[in-house]
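[1] Fold the following and give me the result.
(chains A, B and C)
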Amino acid sequence: MVPLSWYLIFAAALFSIGLFGVLSRRNAVAILLGIELMLNSVNINLAAFWRYGKDVTVMTGQVFAIIVFAVAAAEVAVGLALVISVYRRRNTVVADEINMMKW
Amino acid sequence: METTLIWLIPLPPALAFFLIVLFTNKSKMLSHTIGVGAAALSWLGSMYVFYKAITTEHFSGFASSIPWLPTGLTPDKWFHIGVLIDPLGAAVLFFVSITIFMIFLYSVGYQNFGQPDGDHDRAGLPPHGATVEEHGHKHVVPSVEPMYSRFFAFLGLFAFGMYVLVVSDNLLTMFVGWEIMGLCSYLLIGFWYGKPSARNAAVKAFMTTRIGDVFMLLGISYLYSVTGTLTFREIFTEETLHMLAESTTFFGMTVSGFIALLLFIGTVGKSAQFPLHVWLPDAMEGPTPVSAMIHAATMVSAGVYAVIRMFPLLTADYTGHGLTTTMSIVAFIGAFTALFAATIAVAQNDIKRVLAYSTISQLGFMIAALGISAYIAAAFHLVTHAFFKALLFLGSGSVIHGMEHGVLHTGNHDVDPQDMYNMGGLRKKMPITFWTFLIGGFALSGFPLITAGFWSKDEILADAWAHGHTAVFWTLAFAALLTAFYTMRQITLTFLGEPRTKEAEHAQETPWTMTTPLVVLSVFAVTFGWVGIPEHFPVLGGLVPNWFHDFVGHTLHEVPEAVEFSIVPLLTSLGVALGGLFFGWLAYRNVNSVSEDRLQIPFLKNKYYFDEIYDTVFVKPIYWFAENIVYKLMDQQVINGILHLFGPATDGVGSFIRNKFDLPFINRLIGDGSADVTYWFGGKLRAVQTGRIQHYLMLALVTFIVIGVVLYIFVLA
Amino acid sequence: MTGEQITFLAVALFTLGSGFMVVTSGNLVHAALWLVSTLFGVAVTYAVLDASFLAVVQVVVYIGAIAILFIFAVMLTRKDMRDQGPQMNKNWWFGALLAVLTFAGLFFLLQGWDGMSRTAAVYPSNFDAVSELGNALTSPAGYVLPFEVASVLLVAALVGAVYVAFNRK
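    Now for the predicted structure:
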């Protein structure tokens, strides 16, 4: 008898933790870790809504979650490729030092 | 049909003017064709109208008018202008059209059409001859006038002005024609504008006639204000004339007399009567066809025509016993001028000057005739004078041309081809010119019976005697004596005897374009007199009806009665004519140089020093006034001073606005200030762009939260 | 407290704790490994939610590929050993504040929704979730289009990643 609210709050908390990680970490890879946490929390939300929807036989929630998987995978691949490319060029992965777009 | 034609008569010369000025200026052949053609067209039209006029039973005039100036509420109350050819107008049209046509034709030869361009001829100076190589040796021939087309253009404009004056039925358009001719006289007298003497003469002519014109305009205005119309037929109605004759105005004169006097002053200027005569002799600076045109055929005749036209007004208060004030003034000026000018003519040596003073004198005859109410006589003399004076002028031009040929031949340019003392014996060299000039001269002198001048002059004298104006009679008789005398003097010195200079020896007859008009005009000079033989003349009178008297007399409301015959004026006129001619020949047949001429009295030769008097009394003071008061004081100091205030004032205001307002406020505060503020803001705001992605994320989130809160509070709750 | 609830709480705490360790761990490799455990906890959550397929895919894809990828990336960027020093930003407190605010905001918003106390329906028996999911993913009446687009996206990401990270010598 787990109410829906627990899942949602759980997902919100995971999202906030991921957000904290994104905003506060120095290492670029660590920022990507935080993004992964956020994406996962979204997925939990989607799955919860699928389960707690009116009709469980409608698979929309799960389909959405699958798509999010694919997107997250693509994003990680590209993101890490970028980080590696930047690392090769500027020899650093500290986010604060990658500031060439500064005014 | 006739009225349409009358409207069209002034048109060809005007068209010729425009065409020549705008299009054919470069082509001499086209210009003179257009000019002569236009004159011929107008002549044909005039002849047709004249023919119709004389063949109409009880002809009283062809008239047509159109409403023109909206001075009233309905078109029939507007100011009308139009054409009117009454008998007087027809007669005038006759001689004007013929003389203008002849002068146009003459000009072709006079301006040396067909001759080569001169060696060093310049536009603005008379042509000086061209060197031509012929059969191996060089000689100088007359050269063509450089401004040939321009001449014809101006002549066309002149003809237009005269035709307008003659055909108009109202004082306004008549005045328009009058002024056009004034302008053209300026343009044509000053035709050779390179000569200072010509320029001065042109200005003098214009200024002097202008003085007369001012008074004429005053007269026209006064007439309009009193009667409300300027159309002749409306003014010359019984009631209007009566009204004008009854009311009195300045100096105790009647209104009609006063207006007539003002209008007459216009004629004094235009017809060169004393005291405004000074321009006419100087006007001989223009080419001879111009002199003929202005001083014989058209312009000065226009002055007399104006007085003849206004005759009903002039005599509105004349009762037949004793001349009115105005008429006395008119008669006095006319007679005085006749005598005055004749005395000066006796001492002149330039062939054209003699004729100039002669014109002034003959015009005096006509004016005097009008003053003593001899309407028909004045009109008659106007017509005959036009013919023989035009003939004489053109003849003198022919003589001068012949003399110039001689001057070019000898190459001696110090010899004046116009000085009669350089001539002599020209009857052998230039026969056609001689015979026609002789006819003209005899007509001028009044040679009995076979010249027109006799009939017209005799009629004036007869009229004066018959109505008891003895002072006028004897003055005019003496003037006639002098006229014959100086005419014969002129003929003797020019044509008779032997050539006095080499140039005269080498003179030659002029081309057909110049001699044909002479012949044509001489025919009229002889025959025209016979249309006006007085009824009561012994033997001849009554054989031929006095057509002129009947025809022109119908212009007035009452045909003037024929003058009674008296033997005294006839004998006087025979005596002065024949006597003057004889004495002239007698005195001068053996005179060969200026020193032998006993009539070279300085007083006469210098025209009674009138030019010098006018110069001192009028001209020099006005120049001084213009130079010092108007120019130096008013224009330069006062007006320029005011203007020079504007510059610094505007400058001061401008600087003030610039420095106190524009620069600090607009430029610095608003312009630079906005830039500086934006710059400062930009400087502060760009701290946001750290280039560090986590900062951007944080910023995005903060914004998101804020928007969410705002949305939540204001939209959802 | 039913068994379900206890299970859920345990899994949730485990996951959240691991997640916290991910973002606060000083050593980057440790962080990556904590990520693995977090992902595992999420997989268990899916299982509790009767989304069995999702749980398996989570383990295989996320843990099996993505987490490994992370570890590779960490290893490839270790040159200056910078992961040993302080791992937090200068402004980490602001990040923390924002995270807390976000959570608070979400929590507050969720409280206002009346569907919060909904309970799960009974899971139908004989319900072949996997084949239904397959149907949904591939049938034209279902979500075949997003599926195809997602595959295109993956191809693009593949090509892009290779191109970006390619080491031109």
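
[2] So is the longest helix seen in chain A next to chain C?
    Counting residues, the longest helix found in chain A (DSSP state H) is helix A:60-90. Yes - residues of helix A:60-90 contacting chain C under CB under 8 Å from any CB of the partner chain: A:60, A:62-63, A:65-67, A:69-78, A:80-85, A:87-88. Any C-beta I mention is one placed from the backbone N, CA and C, and that applies to glycine too.

[3] Narrow the residues you listed to just the buried residues.
    For these, a neighbour count by 16 or more other CB atoms under 10 Å in any protein chain shown gives the buried set as A:62-63, A:65-67, A:69-70, A:72-78, A:80-85, A:87.

[4] Run through the residues of chain A sitting next to chain B.
    A:19, A:22-24, A:31, A:95-96, A:98-103.

[5] residues in chain B within reach of chain C, list them.
    Within chain B, the positions lying close to chain C (CB under 8 Å from any CB) are B:694-695, B:698, B:701-702, B:705, B:708-709, B:712.

[6] From these, list just the buried residues.
    Buried by 16+ other CB under 10 Å: B:694-695, B:698, B:701, out of the residues of chain B next to chain C.

[7] Could you list which of those belong to helices?
    When DSSP H is applied, those are split such that B:694-695, B:698, B:701 fall in helices.

[8] when you check chain A, which of these turn up near it?
    Okay, of those touching chain A (CB under 8 Å from any CB), that's B:694, B:698, B:701.

[9] Distance check, the second one against residue A:21.
    Distance, residue B:698 to residue A:21, by CB to CB, to the nearest Å: 13 Å.

[10] What of the first one?
    Distance of residue B:694 to residue A:21, computed by CB to CB: 10 Å.

[11] And the last one, by the same measure?
    In this structure, residue B:701 lies at 13 Å from residue A:21, with CB to CB as the measure.

[12] what's the closest non-adjacent residue to whichever residue of the stretch 301-450 of chain B sits closest to chain A?
    Closest residue of the stretch 301-450 of chain B to chain A, CB to the nearest CB: residue B:302 (95.9 Å). The shortest distance from residue B:302 to any non-neighbouring residue, by CB to CB, 6 or more residues apart in numbering or on different chains, is to residue B:165 (5.4 Å).

[13] Same question for residue B:612.
    Spatially, and ignoring its direct neighbours in sequence, residue B:612 is nearest to residue B:606 (7.7 Å; CB to CB, 6+ apart).

[14] what's that neighbour sitting at in phi/psi?
    Backbone geometry at residue B:606, expressed as degrees, to the nearest 10, gives phi -90, psi 20.

[15] burial count for it?
    A count of nearby residues for residue B:606, using other CB atoms under 10 Å in any protein chain shown, gives 13.

[16] measure it to chain A for me?
    104 Å (CB to the nearest CB, to the nearest Å).

[17] Return the per-residue confidence for that residue.
    At residue B:606, the model reports a pLDDT of 78.

[18] before we move on, what about the one 10 residues further on?
    The predicted structure scores residue B:616 at 86 on the pLDDT scale.

[19] Residue C:82 too?
    On the pLDDT scale, residue C:82 is placed at 56.

[20] Kindly report the same for residue B:520.
    Looking at residue B:520, its pLDDT reads 90.

[21] how deep is it tucked in, by neighbour count?
    With other CB under 10 Å as criterion, residue B:520 counts 18.

[22] Secondary structure class of it, three-state.
    In three-state terms, and counting by DSSP: H, G, I helix; E, B strand; the rest coil, residue B:520 is helix.

[23] Distance of it relative to residue B:98?
    8 Å.

[24] which residues in chain C form helices?
    C:3-24, C:28-48, C:52-57, C:68-76, C:92-111, C:129-138, C:144-165.

[25] anything in the fourth one near chain A?
    I take that to be helix C:68-76. Yes - with CB under 8 Å from any CB as the criterion, chain A is reached by helix C:68-76 at C:69-70, C:72-74, C:76.

[26] do the fifth one as well
    Yes - with CB under 8 Å from any CB as the measure, helix C:92-111 is seen reaching chain A through C:92, C:94-96, C:98-100, C:102-103, C:106-107, C:110.

[27] now the first one
    Yes - contact of helix C:3-24 with chain A is found when judged by CB under 8 Å from any CB, involving C:4-5, C:8, C:12, C:15-16, C:19-20, C:22-23.

[28] outside of that helix, which residues touch it?
    Here helix C:3-24 makes contact (CB atoms under 8 Å, 6 or more residues apart in numbering or on different chains) with A:1-2, A:6-7, A:10, A:13-14, A:17-18, A:20-21, A:24-25, A:30, A:33-34, A:37, C:30-31, C:34-35, C:37-38, C:41-42, C:44-45, C:48, C:87.

[29] Leaving out the residues flanking it, which one is nearest to residue 90?
    Let's take chain A. Residue A:90 sits nearest to residue A:98 (CB to CB, 6+ apart), 6.7 Å away.

[30] um, chain B though
    Nearest residue to residue B:90, sequence neighbours excluded (CB to CB, 6+ apart): residue B:53, at 3.9 Å.

[31] So for that neighbour, what's the pLDDT?
    87.

[32] May I ask you to confirm that it is in contact with residue B:88?
    No - using CB atoms under 8 Å, residue B:53 makes no contact with residue B:88, being 10.4 Å away.

[33] Can you tell me the centre-most residue of chain C?
    Nearest residue to the geometric centre of chain C (CA atoms, centre = their mean): residue C:39, 5.8 Å.

[34] and that one, what does it touch?
    Residue C:39 sits next to A:36, A:40, C:58-59, C:62-63, C:66-67 when contact means CB under 8 Å, 6+ apart.

[35] Out of the residues you listed, which two sit at the greatest distance?
    Of all pairs drawn from those, the greatest distance, 14.5 Å, lies between A:36 and C:59 (CB to CB).
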